[in-house]
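[1] what shape does this take:
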Amino acid sequence: MSVVYGGDTSHEWGKLVRSFHGPIKGVDKYGRRYSALNPETFFWAHATFVEDIVTGYELTGYPLSEADKEALYLESIDWYRLYGVSMRPVPPDWDAIPAVLGAHDQQRARGQPSGSGGLSHVPNDASADQQAFV
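    Next comes the predicted model:
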């Protein structure tokens, strides 16, 4: 929450959160390299946080309008930018988020890596800490 509400210290909090992810990397049992700092993986995690906020509103009986979802997403891009990870996988609008989340789910179900070499490159036998960031 300090990344979002930290004011003048938000950038430092973003660097700190990113640093937690650095050690989460390796080679899976198929010889594929993986890293929690892979931009597609990192953005996928971010997208799940934003989607969780939207779902939370829906489950409590106060669904967000499409305009509010878009505003939340656009604000979340500023939050994501503070982590200092590549902006390459960041889609321009909220409408793309279901595809981002769905593509990851489909790839993981098939045990296949993403086209860019990121999202499903965390092995099934990775530690719980490693899987927590995917």
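[2] C-alpha from now on. contacts and neighbour counts both.
    OK.
[3] so where is the chain shaky, pLDDT-wise?
    Across the chain, the ranges flagged by pLDDT under 70 are 1-6, 104-134.
[4] can you give me the buried ones in the longest helix belonging to it?
    Ranked by residue count and defined by DSSP state H, the top helix of the chain is helix 39-59. Using 16 or more other CA atoms under 10 Å as the test for burial, helix 39-59 gives 39-48, 50-51, 54.
[5] L37 - how many residues pack around it?
    By other CA atoms under 10 Å, 21 other residues sit near L37.
[6] that one contacts F20, correct?
    No: look at L37 against F20 with CA atoms under 8 Å: they stay out of range, at 9.8 Å.
[7] what helices or strands is the longest helix of the chain leaning on?
    With contacts defined as 3 or more CA pairs under 8 Å, 6 or more residues apart in numbering; DSSP states H and E, helix 39-59 has these neighbours: helix 66-81, helix 97-110.
[8] and the furthest pair within the buried residues of helix 39-59?
    P39 and V54 (22.7 Å; CA to CA).
[9] just the CA atoms of stretch 74-92, as CSV, please.
    Provided in CSV are the C-alpha atoms of stretch 74-92 (Å, rounded to 0.1, in the frame of the first residue of the first chain):
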residue,chain,number,x,y,z
LEU,A,74,-5.2,3.7,-15.7
GLU,A,75,-4.3,4.8,-12.2
SER,A,76,-2.8,1.4,-11.5
ILE,A,77,-0.4,1.9,-14.4
ASP,A,78,1.2,4.8,-12.4
TRP,A,79,1.5,2.4,-9.5
TYR,A,80,3.1,-0.3,-11.7
ARG,A,81,5.5,2.2,-13.2
LEU,A,82,7.0,2.7,-9.7
TYR,A,83,8.3,-0.8,-9.7
GLY,A,84,10.8,0.0,-12.4
VAL,A,85,9.9,-3.0,-14.5
SER,A,86,9.5,-2.8,-18.3
MET,A,87,6.3,-1.2,-19.5
ARG,A,88,6.4,-3.4,-22.6
PRO,A,89,3.6,-5.8,-21.5
VAL,A,90,1.2,-3.0,-20.2
PRO,A,91,-1.9,-2.8,-22.4
PRO,A,92,-3.4,0.6,-23.0
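[10] thanks a lot, catch you later.
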